[in-house]
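S.K.: structure, please.
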Amino acid sequence: MPPLLFSGVSMRWHATESGLSLASIAQLSAALFLASLAGCSHWPGPDHRAVTLESIETQLAQACQAQNSLPLQLDRIEAALAAQLLVLDGQTQSLSDIRSKQVARSVVPARPCPAIPATPVPVLDNKILVGSTEWVFMTPPGQYLTARVDTGAETSSISATNIVRFERDGKRWVAFDLDTGDAKTDVRLEAPLKRSVRIRQASFDDIDRRAVVAFDVRLGKEVYQDVEFTLADRTRMSYPVLLGRSFLKDIAVVDVGREFAQPRAEKVAP
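M.R.: Model prediction:
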């Protein structure tokens, strides 16, 4: 198109030189300008349009082909996911089996406790072994009392208060409150008076006259005998019963380093 304009200008110059009128030159320039516009309105040509349509159809075909291939791709993805799920299920089952085995191994059945053998009663040279403190069962009153074993005392004694001597059917009796170690459980007893003895205290010059009574005494499982006791106020002492040498002679050996070496005797009705 620019060459035509330059050609129009040249023609106008040549026409002027040849004596053409300005009106004729204007008409000729307009005709040339319209001719150039008509040429522009026909671009692009048929060949170019054919190329453009072909490329568009090719792109549409490729797009349709890609769209048609989407279901196949989705099927492949779903198949891959299904395979992965199968693998995960297998791994989950394996983990469950491993955990079950671990729990089964961790649960150890409880072993039965071995039976504790009974502690044998200490015996030495056919004599029982007693400690410095033992349980005795006394009748009357049919109670357990703690006894202090004292090899330094000749006779045995029991703690008693409110001692009263009296006669019954021409025989001498004695009534007293037996000190059990607890004032709430003290017992009032009456027993035949065996005899009276005079006891000189080691720390006093006075002679104490005491009543003697007899009780049935059980010590451990081996000793059961009738024992004489002097009645004395032992409320200030730690133990209501004192066992002396007269009780221990020929039946017991004392280990002062032990306590309650003998088991409790069986309780019997008074």
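S.K.: ranges for the helices of the protein?
M.R.: For the chain, applying DSSP state H gives helices covering 2-18, 22-41, 46-106, 245-248.
S.K.: which one of those has the poorest average confidence?
M.R.: Ranked by mean pLDDT, the helices of the chain end with helix 2-18 at the bottom, a mean of 45.
S.K.: can you spell out the domain ranges of this structure, please?
M.R.: The chain breaks down into these domains under automatic domain parsing: 2-41, 123-255.
S.K.: will you turn the ones you listed into CSV that also has distance to residue 54 and mean neighbour count?
M.R.: To be clear about C-beta, it is placed using only N, CA and C from the backbone, and glycine gets the same treatment. Listed next are the domains of the chain as CSV, based on distance: least, Cβ to Cβ, whole Å; neighbours: other Cβ atoms under 10 Å:
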stretch, distance to residue 54, mean neighbour count
domain 2-41, 23, 12
domain 123-255, 122, 16
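S.K.: nearest to residue 84, out of those domains?
M.R.: Put simply, out of the domains of the chain the one that sits nearest residue 84 is domain 2-41, at 62.8 Å, with distance taken as Cβ to Cβ.
S.K.: using JSON lines, please lay out the domains of the chain together with distance to residue 59.
M.R.: Written out in JSON lines, the entries for the domains of the chain read as follows (distance: least, Cβ to Cβ, whole Å):
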{"stretch": "domain 2-41", "distance to residue 59": "28"}
{"stretch": "domain 123-255", "distance to residue 59": "113"}
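S.K.: and these, which one averages the lowest pLDDT?
M.R.: domain 2-41 (a mean of 52).
S.K.: residue 231 pairs with what?
M.R.: Applying DSSP bridges to residue 231 gives these bridge partners: residue 158.
S.K.: hmm, residue 158 and it touching each other?
M.R.: Yes. Contact between residue 231 and residue 158 holds when scored by Cβ atoms under 8 Å: they sit 6.5 Å apart.
S.K.: so for residue 101, which of the domains of the chain sits nearest?
M.R.: When the domains of the chain are compared for distance to residue 101 using Cβ to Cβ, the nearest one is domain 123-255, at 53.8 Å.
S.K.: report the buried residues of stretch 81-90.
M.R.: Of the residues in stretch 81-90, none is buried by neighbour count under the rule 16 or more other Cβ atoms under 10 Å.
S.K.: for the stretch 151-270 of the chain, what spans make up the strands?
M.R.: For the stretch 151-270 of the chain, applying DSSP state E, counting those that start in this stretch gives strands covering 156-168, 171-178, 187-192, 195-200, 207-219, 223-232, 241-243, 252-255.
S.K.: nearest to residue 93, of those?
M.R.: Put simply, out of the strands of the stretch 151-270 of the chain the one that sits nearest residue 93 is strand 252-255, at 69.1 Å, with distance taken as Cβ to Cβ.
S.K.: contacting residues around that closest one?
M.R.: Under the criterion Cβ atoms under 8 Å, 6 or more residues apart in numbering, residues 124-125, 127-132, 149, 151, 219, 223, 248, 261 lie in contact with strand 252-255.
S.K.: partners of it in the sheet?
M.R.: Paired neighbours of strand 252-255 in the sheet (DSSP bridges): strand 127-131 (parallel).
S.K.: what angle separates the partner strand from strand 207-219?
M.R.: Following axes from the mean of the first three to the mean of the last three Cα atoms, to 10 degrees, one obtains 110 degrees for the angle between strand 127-131 and strand 207-219.
S.K.: CA atoms of strand 127-131 as CSV?
M.R.: C-alpha atoms of strand 127-131 as CSV (Å, rounded to 0.1, in the frame of the first residue of the first chain):
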residue,chain,number,x,y,z
LYS,A,127,14.0,-78.7,125.9
ILE,A,128,12.1,-76.0,124.2
LEU,A,129,13.7,-72.7,123.4
VAL,A,130,12.0,-69.7,124.8
GLY,A,131,12.7,-66.0,124.3
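S.K.: ok and that strand relative to strand 223-232, angle-wise?
M.R.: Between strand 127-131 and strand 223-232, the angle comes out at 50 degrees (the same axes, to 10 degrees).
S.K.: about what we covered before: in CSV, list the contacts of strand 252-255 along with distance to residue 57.
M.R.: Written out in CSV, the entries for those read as follows (distance: Cβ to Cβ, whole Å):
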residue, distance to residue 57
124, 124
125, 128
127, 127
128, 123
129, 121
130, 123
131, 119
132, 122
149, 125
151, 131
219, 124
223, 126
248, 130
261, 118
